[in-house]
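Participant: take this sequence and fold it.
(one chain, ligands or ions: 1)
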Amino acid sequence: MKYLVANWKMNLINSKNWICDFNNNLNDSNLNDDLRIVICPNYLQLPKFNQNHLSKINFSMGAQNVSGNNSGAFTGEISAEHLSEFSEVRYCIVGHSERRSAGETDAMIKAKVKQLLTKNITPIICFGESHEIQEKGETEKFLNSQLNSIVNDENLNIDSCILAYEPLWAIGKGIPADLETINNSISYITKIIDLNKSNLKILYGGSVDSENSGEILSVDNVSGLLVGNSSLDGKEFANIAKKF
Ligand code: 13P
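Facilitator: Numbers count the residues shown, from 1 in each chain. Model prediction:
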């Protein structure tokens, strides 16, 4: 299975128009049967997106965040139970760098992963180094520190998760990480998690568009793409989908 995930972030998108643009641009192209497309709009659009399901293809729904707690006095939070009760969410992004920079810690991310797994929602766990870490040559050590506690928790089935490598310096910059960096980082992760014994999927995210997606997908062990800006336009997103 390959994955193409749209992270709409906090943008206002008319989902009906978006689906029209996506459909029109798809024309009669047949997408790879093995491709799952996941759309992550804001929480409020999740149920509406389902109602607008006029699409030629079956989109899966994802959320952009979830609470690390089960229920109770957590004003403004949305639980994994809410996601599964009030929408058809099957995936949820966690640990995005934009949330980590707002104070989310590895321990908080792990708690979110656990909550999602109790509701059979697949966590898409983001990880990636900053420019400073890369300059210091400490990328591997840093990636290990971000994933270590999740990967080595015997009570947590890592095969039920998806990882997304998003180097901070490539997000929203218009230029993705070079193929060598993507290959090095993902190869390193495949060593931490023996992919011969695991079905774990690893995606790449950071300035993906229809021009660069083909070559990024050719990198070993890249099982899909997590797309921000280029997912906001249904037409461009369809062009990316055709590259799989
Ligand atoms: P861009 O595709 O806009 O660089 O965003 C990547 C991202 O943060 C997806 O989660």
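Participant: contacting residues for the residue in the chain that the ligand sits nearest to?
Facilitator: Closest to the ligand within the chain is residue 228: 2.3 Å, counting by Cβ to the nearest ligand atom. The way it works is simple: take the backbone N, C-alpha and C, and place the C-beta from them, glycine included. By Cβ atoms under 8 Å, 6 or more residues apart in numbering, the residues touching residue 228 are 7, 9, 171-172, 205.
Participant: which residues does the closest residue to residue 131 other than its chain neighbours contact?
Facilitator: Of all residues not flanking residue 131 in the chain, residue 169 sits nearest, at 4.1 Å (Cβ to Cβ, 6 or more residues apart in numbering). Contact criterion Cβ under 8 Å, 6+ apart gives 130-131, 134, 177, 206 as the residues in contact with residue 169.
Participant: which residue of the chain lies farthest from its centroid?
Facilitator: What lies farthest from the middle of the chain is residue 73; by Cα atoms, centre = their mean that is 28.3 Å.
Participant: and the pLDDT for that one?
Facilitator: Predicted confidence (pLDDT) for residue 73: 98.
Participant: please convert the contacts of residue 169 to a markdown table, extending it with pLDDT.
Facilitator: Shown next, in a markdown table, are the contacts of residue 169 (pLDDT from 0 to 100):
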| residue | pLDDT |
| --- | --- |
| 130 | 97 |
| 131 | 96 |
| 134 | 96 |
| 177 | 98 |
| 206 | 98 |
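Participant: also near the ligand: which of those residues, exactly?
Facilitator: residue 206 (Cβ under 6 Å from any ligand atom).
Participant: in TSV: the contacts of residue 169, plus secondary structure.
Facilitator: Putting the contacts of residue 169 into TSV (DSSP: H, G, I helix; E, B strand; the rest coil) gives the following:
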residue	secondary structure
130	coil
131	helix
134	helix
177	coil
206	coil
